[in-house]
Every structure is written in C-alpha cells, then in structure tokens.
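Chemist: take a look and give me a structure for this.
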Amino acid sequence: SVASVNDMMTVATPEEESQMYTVVSGDTLSKISKAFYDTPNKYTQIFEANRPMLSHPDKIYPGQVLRIPPDAA
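Modeler: Sure thing, here's the model as predicted:
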C-alpha cells in the first residue's frame, strides 16, 4: 500500500505580481505611470521592466504589451 505523504513544500509567492498593459494611441510611459502608480514620475520603473524591448522611454507604440511591475514605492 502507498502511505499518504503530507507535502509541506513551501513556495515563495511574490506579494504583488506584475500586470500587463497594452499600449493605445496617445499613451506615454508617464501617462501609464500616472494610471498605475498615481504619479507620472515612476515611468522609469515601467521602462526598466520592459528593457531591452524598449530602447527609449519615448518610443512606445500602440499594440505593444508592457509589463507593469508592482510599485517599488
């Protein structure tokens, strides 16, 4: 017979996970930052999370899917 095993394996789960956002016409990283973080000044967090796909913070295009990291506060 097979004995029951109590699997007490612990899996580290991040407190917050990144969200995905699809760029629409007229978006800027500052506008996206304002929408997610309530301030346009954290656009660099979004830029850094999406390198090397993004080569410059001003070069985003409609249809691109960006990773929006949890607010680093």
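Chemist: all contacts plus neighbour counts: C-alpha atoms, from now on.
Modeler: OK.
Chemist: so which residues of the protein form helices?
Modeler: 29-37, 43-49 (DSSP state H).
Chemist: rounded mean pLDDT for the last one, please.
Modeler: Confidence for helix 43-49, expressed as mean pLDDT, is 97.
Chemist: any weak-confidence spans in the chain?
Modeler: Along the chain, the model assigns pLDDT under 70 to residues 1-15, 73.
Chemist: follow-up on the earlier one: distance to residue 71 and mean neighbour count for the helices of the chain - can I get that in a markdown table?
Modeler: Output for the helices of the chain, formatted as a markdown table (distance: least, CA to CA, whole Å; neighbours: other CA atoms under 10 Å):
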| stretch | distance to residue 71 | mean neighbour count |
| --- | --- | --- |
| helix 29-37 | 7 | 18 |
| helix 43-49 | 8 | 18 |
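Chemist: nearest approach to residue 68 belongs to which of these?
Modeler: Minimum separation from residue 68 across the helices of the chain (CA to CA) falls at helix 43-49, 5.7 Å.
Chemist: right, I'll call it a day here.
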